[in-house]
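K.L.:
predicted model and sequence follow; I will ask about them next.
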Amino acid sequence: MTYTREALEAKLDALTNTAESIQGLSRWILFNSKSIDDIVEVWQTKFTTAPTDAQLLYLYVANDVIQNGKRDHPEVLLAFGKPLPKVVAQLCKDGNKRMQGRVERIVDIWFERRMYDKRFCDHLRSMAGIEVKTSSAEPKAATSSAKSSSGPAMSDTDKKLLGLPIVAAMRDVTAAETERASSAAKVETIDYDTVISSGSAPAINTARAMLEAYERQLLTVLEGHQVVVAQAQQVLDSHASAAADLAIQVDGVRDLIARLSGTQ
């Protein structure tokens, strides 16, 4: 579909928290990357007036565009980079810990995959109210005393695996599920028929408050699982792309081997 501001606005309005929806809009943006400056302007305008959960989805779209556009469309990194400080500041206003956690994971990915340099990533963390940790610097060699006290040093592969956003997302789900299970045990002890038939306002209000709190926890766990699914899909897509590239290289090598063998 040819780019128009109206088409982009409609797609942003229809965006859902699924890998298919996020990646579909990302591909559409990259396909229309010649209009990236206007696209980012519309994206930022919509972000400014959107509710917090929608803002997070918009950031997920930008993240997907940035990661997938680096090689063939480096201009998208520059275009999205301009509003990102204001965007993360608005998303994390009032010290929203949940949003700060989401932003921190995305910024960590950008730094680790060299989408943006350390100075810019630290600036984004600062704008989001996130502590700029020394761990965002280049890894330092471990001292002998540190190795002896902490056991065998992790391999580079282990460090990369632990740094994957899907691992952090799974940890979040586990923590949220533990809290939900604790609340579920309390909620299940309430005899709702008795509370309702009693007509006692204090008892009814207490029961309702407990259920509303439990509902919020359920939604947090649900969102966590959706994030894990989206991150897993990104991992699968990344490996599928790498496998396709390697298959082409294998074919090329085999062709050269065949040509060389034919000269003997």
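P.N.:
Done, it's in. This one's a predicted model, so the numbers in the text were calculated from it and none came from an experiment. Residues are numbered from 1 along each chain as shown.
K.L.:
spit out the contact partners of Tyr116.
P.N.:
By Cβ atoms under 8 Å, 6 or more residues apart in numbering, Tyr116 lies in contact with Leu77, Gly81, Trp110, Leu124. Yep, even glycine has a C-beta here, placed from its N, CA and C like the rest.
K.L.:
10 Å - rerun?
P.N.:
Tyr116 sits next to Ile66, Leu77, Phe80, Gly81, Leu84, Val107, Trp110, Asp122, His123, Leu124 when contact means Cβ atoms under 10 Å, 6 or more residues apart in numbering.
K.L.:
likewise Asp172?
P.N.:
Here Asp172 is in contact with Arg98, Gly101, Arg102, Arg105, Thr220, Val221, Glu223, Gly224, Val227, Val228 (Cβ under 10 Å, 6+ apart).
K.L.:
from those residues, which single one is nearest Ala185?
P.N.:
Val221 (15.1 Å; Cβ to Cβ).
K.L.:
name the element that closest one belongs to?
P.N.:
Per DSSP states H and E: Val221 is located in helix 201-262.
K.L.:
check the offset of that helix from the chain's centre.
P.N.:
Helix 201-262 has its average C-alpha position 10 Å from the chain's average C-alpha position, going by Cα atoms, centre = their mean, to the nearest Å.
K.L.:
what comes up buried for the helix or strand hosting Arg105?
P.N.:
Assigned by DSSP H and E, Arg105 falls within helix 97-112. Along helix 97-112, these residues count as buried under the neighbour rule (16 or more other Cβ atoms under 10 Å): Met99, Gln100, Arg102, Val103, Glu104, Arg105, Ile106, Val107, Asp108, Ile109, Trp110, Phe111.
K.L.:
stretch 75-88 too?
P.N.:
Those would be Val76, Leu77, Ala79, Phe80, Gly81, Pro83, Leu84, Val87, Val88, for stretch 75-88 by 16+ other Cβ under 10 Å.
K.L.:
that stretch: end-to-end distance?
P.N.:
One end of stretch 75-88 sits 20 Å from the other (Cα to Cα, to the nearest Å).
K.L.:
same question, stretch 71-83
P.N.:
Across stretch 71-83, the straight-line distance between its terminal residues is 21 Å, by Cα to Cα.
K.L.:
touching that stretch from outside, list them.
P.N.:
For stretch 71-83, the surrounding residues in contact (Cβ under 10 Å, 6+ apart) are 26, 29-31, 33-34, 36-41, 43-45, 47-48, 59, 61-63, 65-70, 84, 87, 90, 110, 115-116, 120, 124.
K.L.:
which helices and strands sit right next to the helix holding Arg105?
P.N.:
With contacts defined as 3 or more Cβ pairs under 10 Å, 6 or more residues apart in numbering; DSSP states H and E, helix 97-112 has these neighbours: helix 52-69, helix 84-91, helix 118-127, helix 156-163, helix 165-187, helix 201-262.
K.L.:
in the next helix or strand after the fifth one, what counts as buried?
P.N.:
Right, the one you point to is helix 165-187. For helix 165-187, the succeeding helix or strand toward the C-terminus, using DSSP H and E, is helix 192-198. Residues of helix 192-198 classed as buried: Val195 (neighbour count, 16+ other Cβ under 10 Å).
K.L.:
alpha carbons of helix 192-198, in CSV - could you do that?
P.N.:
Output of helix 192-198 as CSV, limited to C-alpha atoms (Å, rounded to 0.1, in the frame of the first residue of the first chain):
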residue,chain,number,x,y,z
TYR,A,192,-19.1,-14.0,47.5
ASP,A,193,-22.7,-15.2,47.9
THR,A,194,-22.5,-14.5,51.6
VAL,A,195,-21.0,-11.1,51.1
ILE,A,196,-23.6,-10.1,48.5
SER,A,197,-26.5,-11.3,50.6
SER,A,198,-25.3,-9.6,53.7
